[in-house]
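Asker: Prediction below, plus the sequence it came from.
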Amino acid sequence: MRHLFNRSFAVVSALLAMAGCAVAGGEQDHSGHAHGGAAAPESAPLDWHAEESGILRNYVQLTSEKDYVKAGEAYFDPTGSWIIFQAVPRPTDGSAPDQHYSMFVAKLTHDSLGAVTGLGEPVLLSEPGSANTCGFFHPTEPSRVIFGSTVTPPADNQPAGYQRGSSKYNWQFPVEMEVVSGVVGAVHQDHNPTTHQIKAWDLPAPLWSRPGYDAECGYSPDGKFIVYTQVDAKTGDGDLYVFDVEKKTHTALVTEKGYDGGPFFSPDGKWITYRSDRRGDNMLQVFVAELSFDSNGSPNGIKRELKVTDNEQVNWAPFWSPDGEYLIYATSEVSHRNYEVFSIEAPVGAASNKAPGELAKRRITSADGFDGLPVFSSDGSMMMWTSQRGGLFGDEERPTSQVWVAEIVSLDPRD
């Protein structure tokens, strides 16, 4: 998932599909992008307001447990005024909720001082019954979005997917999943108020059609390339590719054995970050890789791959800081029952010779339940992530996964 909430593994499974993107089945979640949700620890509840003081401030819960059974893996548009997120709406008629995530965009609302207060009316992008994950905005054309979608309801006889042992930590890779693209009329009109009205949304069109699961997609900073994950339907092995938007060509970047997924370009477009089950032990690790380019400036492979983490934990959903000098990611370092967001120095530039254990690292979130799938606004002023720190709904035993945002005081692990 990049990317989704498929990112206890019950939580990650929901998370990795999402970010690693959260797709169909499993607990929820990203694969970068599902929200599963770990059971609350037995110790005294963490006072996250106090624990996170000096790190984050002015918290806002953007999606509500009253509206969504679960929501998460959200990304800002390049202007910081809209977000795209995946969610399962809560039925109002007592019927069972949808099996898969739907994809939405919504505009952030603000108070008179410019502080974020919530979301406007969401715009549904995905088709009824389809499985969806890993949405992302075009960097220079904010009204254009991409996300992974089956477009139609996926078949029931899907490959086994990714699963840790016999636990509920798993997510599937629908073979119908493709990267789709479209222009959202409401976003276009918001950014171009004097232009003529265009359709609210057309049926998302696949950018290509290839066998197997294609998702966990993100644009390069100039919008010319899309990096994504392709999972082989027979082997379940996930590899990273880059798609040339103009030439309509695909180039393999990372094809090592194991599930490599949730890739993102660095702010300068010269690196990518991703998570991998490279060791085959279900303990995901974060990597960065320096890209190589042909004479036309198109990525044609990687020069070198560097480890960011190398431990016995599940580390996933990495996302670059706006300056490209550090990453934020979700990890089980605190507990497999309580994923938290950490920041870590990126092994680039002066830090490129540092081993994983030498990289500066910092704990960002300190709340009971899952915290993960963190992202920055383009100006670096806000962090948005998926969290279970909200309230209970009805007779549910634990908080659901929802989208939160907060202003950043300091996340840099080198501070």
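Answerer: Good, I have the coordinates. Fair warning: this is a prediction, and the values are worked out from it, not measured in the lab.

Asker: okay, CA-based contacts and neighbour counts for the rest of this
Answerer: OK.

Asker: who touches residue 54 in this structure?
Answerer: The contact partners of residue 54, by C-alpha atoms under 8 Å, 6 or more residues apart in numbering, come to 409, 410.

Asker: Apologies, that question was intended for residue 313.
Answerer: By C-alpha under 8 Å, 6+ apart, the contact list for residue 313 reads 283, 284, 285, 331, 332, 333.

Asker: do that again at 10 Å, thanks
Answerer: For residue 313, the contact set (C-alpha atoms under 10 Å, 6 or more residues apart in numbering) comprises 282, 283, 284, 285, 331, 332, 333, 334, 335, 336.

Asker: Just the buried residues of those.
Answerer: Buried residues within the contacts of residue 313, counting neighbours by 16 or more other C-alpha atoms under 10 Å: 282, 283, 284, 285, 331, 332, 333, 336.

Asker: between these, which is closest to residue 187?
Answerer: Proximity of the buried ones among the contacts of residue 313 to residue 187 (C-alpha to C-alpha) peaks at residue 331, which lies at 33.4 Å.

Asker: tell me the pLDDT at that closest one?
Answerer: For residue 331, the model assigns a pLDDT of 98.

Asker: any idea how far it lies from residue 122?
Answerer: Distance from residue 331 to residue 122, counting by C-alpha to C-alpha, to the nearest Å: 30 Å.

Asker: What of residue 399?
Answerer: To residue 122, residue 399 is 22 Å away according to C-alpha to C-alpha.

Asker: Can you list the low-confidence ranges for the stretch 1-150 of the chain?
Answerer: Along the stretch 1-150 of the chain, segments meeting pLDDT under 70 span 1-42.

Asker: for it, what spans make up the strands?
Answerer: 56-61, 68-76, 82-89, 102-110, 116-119, 123-124, 132-137, 144-149 (DSSP state E, counting those that start in this stretch).

Asker: List the contacts of the residue lying closest to residue 312 once chain neighbours are set aside.
Answerer: Nearest residue to residue 312 in three dimensions, chain neighbours excluded: residue 283, at 6.1 Å (C-alpha to C-alpha, 6 or more residues apart in numbering). Residue 283 sits next to 164, 275, 276, 277, 310, 311, 312, 313, 314, 315, 316, 332 when contact means C-alpha under 10 Å, 6+ apart.

Asker: now for those residues, which pair is the farthest apart?
Answerer: Between all members of those, the farthest pair (by C-alpha to C-alpha) comes out as 164 and 310, at 18.6 Å.

Asker: What are the phi and psi values at residue 189?
Answerer: Main-chain dihedrals, residue 189, degrees, to the nearest 10: phi -70, psi -40.

Asker: From what I see, it and residue 143 are in contact.
Answerer: Yes - here residue 189 reaches residue 143: they are 8.5 Å apart, a contact under C-alpha atoms under 10 Å.

Asker: Settle it for me: which of these two has more neighbours?
Answerer: residue 143 (22 against 17; other C-alpha atoms under 10 Å).

Asker: list the contacts for the more buried one?
Answerer: Under the criterion of C-alpha under 10 Å, 6+ apart, the neighbours of residue 143 are 77-78, 82, 137, 182-192.

Asker: let's go with 8 Å and repeat that
Answerer: 137, 183, 184, 185, 186, 187, 188.

Asker: check which helix or strand covers the fifth one.
Answerer: Pointing back at residue 186 there. helix 185-191 (DSSP states H and E).

Asker: and the next helix or strand after that helix, which strands flank it?
Answerer: As assigned by DSSP H and E, the chain's next helix or strand after helix 185-191 is strand 205-206. Applying DSSP bridges, strand 205-206 is found paired with strand 178-183 (antiparallel).

Asker: Next, the buried residues of the strand it pairs with.
Answerer: 178, 179, 180, 181, 182, 183.

Asker: next one: stretch 106-120
Answerer: Counting neighbours by 16+ other C-alpha under 10 Å, stretch 106-120 gives 106, 107, 108, 109, 116, 117, 118, 119 as buried.

Asker: average pLDDT for stretch 201-213?
Answerer: Stretch 201-213 comes out at a mean pLDDT of 86.

Asker: Please put the alpha-carbon coordinates of that stretch into CSV.
Answerer: Extracted as CSV, the C-alpha positions of stretch 201-213 are listed here (Å, rounded to 0.1, in the frame of the first residue of the first chain):
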residue,chain,number,x,y,z
TRP,A,201,-17.0,12.7,-11.6
ASP,A,202,-16.7,10.3,-14.5
LEU,A,203,-16.3,6.5,-14.1
PRO,A,204,-12.6,6.1,-13.2
ALA,A,205,-10.7,4.7,-16.1
PRO,A,206,-7.8,2.2,-15.7
LEU,A,207,-4.5,3.7,-16.9
TRP,A,208,-3.5,0.2,-18.0
SER,A,209,-4.5,-3.4,-17.8
ARG,A,210,-2.1,-6.1,-16.6
PRO,A,211,-2.5,-9.5,-15.1
GLY,A,212,-2.6,-9.5,-11.3
TYR,A,213,-3.0,-6.8,-8.7
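
Asker: who touches it?
Answerer: 125-127, 151, 173-185, 229-233.

Asker: one step back: select from the contacts of residue 283 the one having the most neighbours.
Answerer: Going by other C-alpha under 10 Å, residue 316 tops the contacts of residue 283 with 40 neighbours.

Asker: Just give me how far the stretch of helix or strand that one belongs to sits from the chain centre.
Answerer: For residue 316, the element it lies in under DSSP H and E is strand 315-320. Relative to the mean C-alpha coordinate of its chain, strand 315-320 is positioned 8 Å out (C-alpha atoms, centre = their mean, to the nearest Å).

Asker: quick one: the strands in the stretch 301-415 of the chain?
Answerer: According to DSSP E, counting those that start in this stretch, the stretch 301-415 of the chain carries its strands in the segments 315-320, 326-331, 340-345, 361-363, 371-376, 382-387, 402-408.

Asker: Could you give the bridge partners of residue 242?
Answerer: Applying DSSP bridges, one finds that residue 242 bridges with residue 227, residue 251.

Asker: Surely it is in contact with residue 226?
Answerer: Yes - the pair residue 242 / residue 226 is scored as a contact, 5.5 Å apart, by C-alpha atoms under 8 Å.

Asker: can you pull the buried residues of stretch 201-208?
Answerer: Under 16+ other C-alpha under 10 Å, the buried positions of stretch 201-208 are 201, 204, 206.

Asker: got these as TSV, with distance to residue 46 columns?
Answerer: As requested, the buried residues of stretch 201-208 are arranged in TSV below (distance: C-alpha to C-alpha, whole Å):
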residue	distance to residue 46
201	42
204	42
206	44
